[in-house]
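**Student:** with the input below, show me the fold.
(one chain, ligands or ions: 1)
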Amino acid sequence: MSVLKESSLYEESLKPLREASAILNLESNVVEAIANPERVLIVSIPVKMDNGKVKTFTGYRVQHNTARGPAKGGIRYHPSVCLDEVKSLAFWMSIKNAVVGIPYGGGKGGITCNPKEMSQNELERLTRGYAAAIAKFVGPDIDIPAPDVGTNAQIMGWFADEYYKITGKYEPGIITSKPLSIGGSVGREPATGRGGFFVTIEAAKTFDIPLKGARVSIQGYGNVAQPIAQYLYEIGCKIVAVSDSVGGAYNPDGMHPLKLAEHKEKTRSVKGFPGSKEISTTDPLTIDCDILVPAALENQITKENADKIKAKLMVELANGPTTPEADKILQEKGVIVLPDVLASAGGVTVSYFEWVQNRMGYYWTEEEVDDKLKRVMTTAFKEVYQTAKQYCLDTSFRVHTKAHQLNLRTATYILAVKRIYEAMKALGRI
Ligand code: NAD
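**Tutor:** Sure, this is the predicted structure:
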């Protein structure tokens, strides 16, 4: 990928920030101070592969903004990882953490690799190499990683262990989404889906969208998608379409989320689910449904397919699934979009709870975690909606009218940017 192409990717992700900053009348030098990442690390990680040969991987860690607290964000293992992607993901974490009001800045990391083609031993050596390379720059009060696409609780465990060996201290708050046996939190695994579910409930109440019998379509059926499918199913929604990187399944009568997950576990894909019609990986985006949940990767909804979207409500659980051009088209069409930086914040919220519990050395029950998550997500939705009303909403807006006045994404960014701005101002950084 050329340098020019790469830099434009990050610029694209800054568009909602620029839009919100214009509404807030922020001066351009202040906007640049918010937009630019504070620290960018690029590391080389030589790994001895199982065949005895050394392969060198490139890893990244970006600390975007730490005015509101230590940097916080996941680590992605995927072949498409590049600096610009990590910068965008780190920036979104600054926004996300500010929206839900947790005391963190934004960070993100990644390694360009294909974990599906690596053995467990190779993944462990890669993770330990990455942890050693960035150990000096992370810590419970500096930058706290977590999983993202292609990483999991085991990888967090290896990372923590390497960090403990280097620092000589057992500090479980260095990383979140750890296994329970080493200081993980109950309720972390389904937290992103659970948080998305809570904001969906609030949005449905606010915009009079009936949930019972609502047809749900999901792109990507991984860690974040499976729990929200189950929670929506439990309240009477029908899961009519799902896909993953291999293919998709469609059944207008609905499919059982747990059975879909079992089928994927057994066959590595939702494709071929009994009783379903085979569809493509992208069909769930444009299929006839009431609620669309993009839960795969970024840039899936573009100016090419946005006009074909039929859902009334879109719940963005993937990070950055919609391009700015597509966002405008959806707004014109009156699709209500619960933006990624709000809808997918449940994961980092329970990661924050995990970090708090690690620091107290005292652990909460699942019920306590769930109550606190519900409160955070519900409050965040209400604050975003209030902001939307204050800055960009026709307050008489209802879902059946044209939504040209409503843009919850801009409202979310206004709320977050105000909070980041206030923290930077209070610290004297701007
Ligand atoms: P995952 O790897 O568990 O699941 C991703 C799913 O998407 C997999 O089923 C994969 O097969 C599928 N997929 C990949 N490419 C696809 C394509 N082109 N078309 C259809 N499906 C495709 O990852 P995850 O943790 O569920 O993360 C998914 C998204 O959610 C990412 O954008 C991630 O950044 C975001 N996210 C994750 C968390 C979290 O807590 N895990 C939190 C916030 C946001």
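
**Student:** OK, now which residue of the stretch 201-350 of the chain is nearest to the ligand?
**Tutor:** Nearest to the ligand, among the residues of the stretch 201-350 of the chain, is Gly222, at 1.8 Å (Cβ to the nearest ligand atom). C-betas here are computed from N, CA, C, even on glycine.

**Student:** any idea how many residues pack against that residue?
**Tutor:** 16 (other Cβ atoms under 10 Å).

**Student:** got a list of what it touches?
**Tutor:** Val149, Asp244, Ala295, Ala296 (Cβ atoms under 8 Å, 6 or more residues apart in numbering).

**Student:** neighbour-wise, which one of the residues you listed leads?
**Tutor:** Within the contacts of Gly222, neighbour counts (other Cβ under 10 Å) peak at Ala295, which reaches 31 neighbours.

**Student:** returning to what we had before: phi, psi for the residue of the stretch 201-350 of the chain closest to the ligand please.
**Tutor:** As for Gly222, its main-chain torsions (degrees, to the nearest 10) stand at phi -110, psi -150.

**Student:** near the ligand, which residues of this protein are found?
**Tutor:** For the chain, the contact set with the ligand under Cβ under 6 Å from any ligand atom comprises 147-149, 192, 219-224, 243-245, 281, 295-297, 317-319, 344, 347.

**Student:** just the buried ones from the residues you listed?
**Tutor:** Burial by neighbour count, 16 or more other Cβ atoms under 10 Å: within the residues of the chain next to the ligand this picks out 147-149, 192, 219-224, 243-244, 281, 295-297, 317-319, 344, 347.

**Student:** list the contacts of Lys96.
**Tutor:** Here Lys96 is in contact with Gly106, Asp340, Val341, Leu342, Ser344, Ala345, Val348, Ala416 (Cβ under 8 Å, 6+ apart).

**Student:** are any of the residues you listed buried, and which?
**Tutor:** Listed as buried from those are Gly106, Asp340, Val341, Leu342, Ser344, Ala345, Val348, Ala416; burial here means 16+ other Cβ under 10 Å.

**Student:** secondary structure element for the third one?
**Tutor:** Element membership of Val341 [criterion: DSSP states H and E] is helix 340-343.

**Student:** and the helix or strand just after that helix, what does it pack onto?
**Tutor:** As assigned by DSSP H and E, the chain's next helix or strand after helix 340-343 is helix 346-360. Contact analysis of helix 346-360 by 3 or more Cβ pairs under 8 Å, 6 or more residues apart in numbering; DSSP states H and E lists strand 71-78, helix 83-99, strand 143-147, helix 191-206, helix 366-391 as its packing neighbours.

**Student:** so what's Lys55 up against?
**Tutor:** By Cβ under 8 Å, 6+ apart, the contact list for Lys55 reads Pro46, Val47, Met49.

**Student:** wouldn't the first one be in contact with Gly129 here?
**Tutor:** Right, the one you point to is Pro46. Yes. When contacts are counted by Cβ atoms under 8 Å, Pro46 is listed as touching Gly129 (7.0 Å).

**Student:** which neighbours do those two share?
**Tutor:** When contacts are counted by Cβ under 8 Å, 6+ apart, Pro46 and Gly129 are jointly contacted by Phe57.

**Student:** on that earlier part again, mind putting the buried ones among the contacts of Lys96 in JSON lines, pLDDT included?
**Tutor:** Output for these, formatted as JSON lines (pLDDT from 0 to 100):
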{"residue": "Gly106", "pLDDT": "98"}
{"residue": "Asp340", "pLDDT": "96"}
{"residue": "Val341", "pLDDT": "96"}
{"residue": "Leu342", "pLDDT": "98"}
{"residue": "Ser344", "pLDDT": "97"}
{"residue": "Ala345", "pLDDT": "98"}
{"residue": "Val348", "pLDDT": "97"}
{"residue": "Ala416", "pLDDT": "98"}
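
**Student:** out of those, flag the one nearest to Phe381.
**Tutor:** Comparing those against Phe381 with Cβ to Cβ picks out Leu342 as the nearest, at 6.8 Å.

**Student:** any idea how far that closest one lies from Gly173?
**Tutor:** Using Cβ to Cβ, to the nearest Å, Leu342 is found at 25 Å from Gly173.

**Student:** how long is stretch 338-355 from one end to the other?
**Tutor:** 27 Å (Cα to Cα, to the nearest Å).

**Student:** any idea how many residues pack against Gly183?
**Tutor:** With other Cβ under 10 Å as criterion, Gly183 counts 22.

**Student:** what's the closest non-adjacent residue to it?
**Tutor:** Pro172 (3.4 Å; Cβ to Cβ, 6 or more residues apart in numbering).

**Student:** next, count neighbours for the one you found.
**Tutor:** Residue neighbour count, defined by other Cβ under 10 Å, stands at 20 for Pro172.

**Student:** that one: what's it in contact with?
**Tutor:** Residues counted as contacts of Pro172 (Cβ under 8 Å, 6+ apart) are Ala160, Lys178, Ile182, Gly183, Asn358.

**Student:** which element is the residue of the chain most remote from its centre on?
**Tutor:** Of all residues in the chain, Gly52 has its C-alpha farthest from the mean position, at 36.3 Å, by Cα atoms, centre = their mean. In this structure, Gly52 sits in neither a helix nor a strand according to DSSP H and E.

**Student:** per-residue confidence averaged over stretch 138-148?
**Tutor:** Mean pLDDT, stretch 138-148: 97.

**Student:** quick one: it to chain centroid distance?
**Tutor:** The chain centroid and the centroid of stretch 138-148 are separated by 16 Å under Cα atoms, centre = their mean, to the nearest Å.

**Student:** give me the nearest residue to Gly248, chain neighbours excluded.
**Tutor:** What sits nearest to Gly248 in space, not counting adjacent residues and going by Cβ to Cβ, 6+ apart, is Ile279, at 3.9 Å.

**Student:** so what's that neighbour up against?
**Tutor:** If you count contacts by Cβ under 8 Å, 6+ apart, then Ile279 has Ala241, Ser243, Gly247, Gly248, Ala249, Tyr250, Ile287 around it.

**Student:** repeat for Gly101
**Tutor:** Gly101 neighbours (Cβ under 8 Å, 6+ apart): Val376, Thr379, Ala380, Arg419.
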